[in-house]
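*Asks:* quick one, what's the 3D model for this:
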Amino acid sequence: MRFNHLSLFFFMFFCCCINAQSTASKEINTFTIEAPQLKTFKKIWVYLPKNYQNSEKAYPVIYMHDAQNLFDNETAYAGEWQVDEYLNTLSQNESIIIGIAHGNEKRIEELTPYKHEKYGGGQGEAYVTFIKNTLKPHVDVTYRTKPKAEHTTIFGASLGGLISFYAAIKYPETFGKAGVFSPSFWFSEEIYELAKSVDIPATSKFYFLVGDKESDTMVSDQIRMVNLLKTKGVNDNQIESHIIKDGQHNEKLWRENFAAAYDWLFTKAN
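*Replies:* Numbers count the residues shown, from 1 in each chain. A predicted model of the protein is given here:
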C-alpha cells in the first residue's frame, strides 16, 4: 500500500494506546524534564544496558524520537520497534537509548525544522535545541555516557528521520551519527538547501532507509539526498543507503531493519 503525503502526515499524529499488555523490559525507566525551548515538559524513556548497574563502563547514547513506539506495545501506535529486546541480545557494543516522547498534537511542529504551507510545523530547531542544550547535559551528568559527538547518535523515522538528519548536519559537533528511516524530505525543499550549505565532517555517519511502497516520492527523495551528500564530498564509507522491497511506512519496516542499522552505526569498521 502506498501512502500519499497527507497520509504520511497523519500516520503517527497521535500515539494511540491499544489493547495490549506492556512489553517493555525491566531495563526501561522514565523521567520527566522541562523543555523550556518548547514551553512544555517532556517524558523521557531510558534504556540502560543489562549490565549497567554491575559495571563502571561509559556508554554511547542514541537519542530517538517517538518513544511511545520504541519499547512497548501498550503505548505503540501500531506495534513497537522492539529496541530493548534487540539490545538485550548484545554482549558488546551496547548503548544507552534515550527515547523522547512525541508531543501528540504538537508532534508535527516539534519534528519539522521548516514550515509547510499546508501542514504548518517549523518548531524543529527549538526541539533539537532542547535535546542539545537541556536533555543531553542532563543525561550526561545522570548516566555514565560517552558525551562526544562520535558517541552520540540521533535516530528516527518519518518526521523523526527528517529531524534526525537536520540535527546531524546542523550540529555535527553534537550528533556524530544519524539513523534516518523513511525521512520526510518532502516536507520542505529547505532541507536540501541546508545540506548544500553546511560543512559535513569526515567523521559524520548516516544510515538511510526507505521502503519502495511508502509513497510516490520518498525513494527518489532519499536518492536525491544521498547523491547530494556525495557531490559535496561525503565519502561512501560515511553513508549507508537501503531501499527495502515491498517496504511500507510503518513500525514493521523500522523494527525489522533497526538491528542492521545499529550494527552498521556501532560495530562496523567504517
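
*Asks:* and the most far-flung residue of the chain relative to its centre, how close does it get to Ile98?
*Replies:* Ranked by distance from the centre of the chain (CA atoms, centre = their mean), the top residue is Asn54, with 28.4 Å. Separation of Asn54 from Ile98 (CB to CB, to the nearest Å): 21 Å. (C-beta placed from N, C-alpha, C; glycine too.)

*Asks:* repeat for Leu253
*Replies:* For Leu253 relative to Ile98 (CB to CB), the value is 23 Å.

*Asks:* next: Leu162.
*Replies:* To Ile98, Leu162 is 19 Å away according to CB to CB.

*Asks:* neighbour count winner among those two?
*Replies:* Legend: neighbour count by other CB atoms under 10 Å for Leu162 and Ile98, higher for Leu162 (27 against 23).

*Asks:* what mean pLDDT does whichever helix or strand that one is part of get?
*Replies:* Here Leu162, judged by DSSP states H and E, is contained in helix 159-170. Here helix 159-170 scores 98 as its mean pLDDT.

*Asks:* what's the answer for stretch 228-238, then?
*Replies:* Stretch 228-238 shows a mean pLDDT of 97.

*Asks:* thinking again about what came up before, ok, and what's touching the helix holding Leu162?
*Replies:* Helix 159-170 is contacted from outside by 12, 64-66, 107-108, 110-113, 124, 127-128, 131-132, 154-156, 174-185, 187, 191, 194-195, 198, 200, 204, 206, 225, using CB atoms under 8 Å, 6 or more residues apart in numbering.

*Asks:* convert it to CSV, retaining C-alpha atoms only.
*Replies:* C-alpha atoms of helix 159-170 as CSV (Å, rounded to 0.1, in the frame of the first residue of the first chain):
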residue,chain,number,x,y,z
LEU,A,159,9.3,13.1,10.5
GLY,A,160,11.7,11.7,13.0
GLY,A,161,14.0,10.8,10.2
LEU,A,162,13.8,14.3,8.8
ILE,A,163,14.6,15.9,12.2
SER,A,164,17.4,13.4,12.8
PHE,A,165,19.1,14.3,9.5
TYR,A,166,18.6,18.0,10.2
ALA,A,167,20.2,17.7,13.6
ALA,A,168,23.2,15.7,12.4
ILE,A,169,24.1,18.2,9.6
LYS,A,170,23.2,21.3,11.5
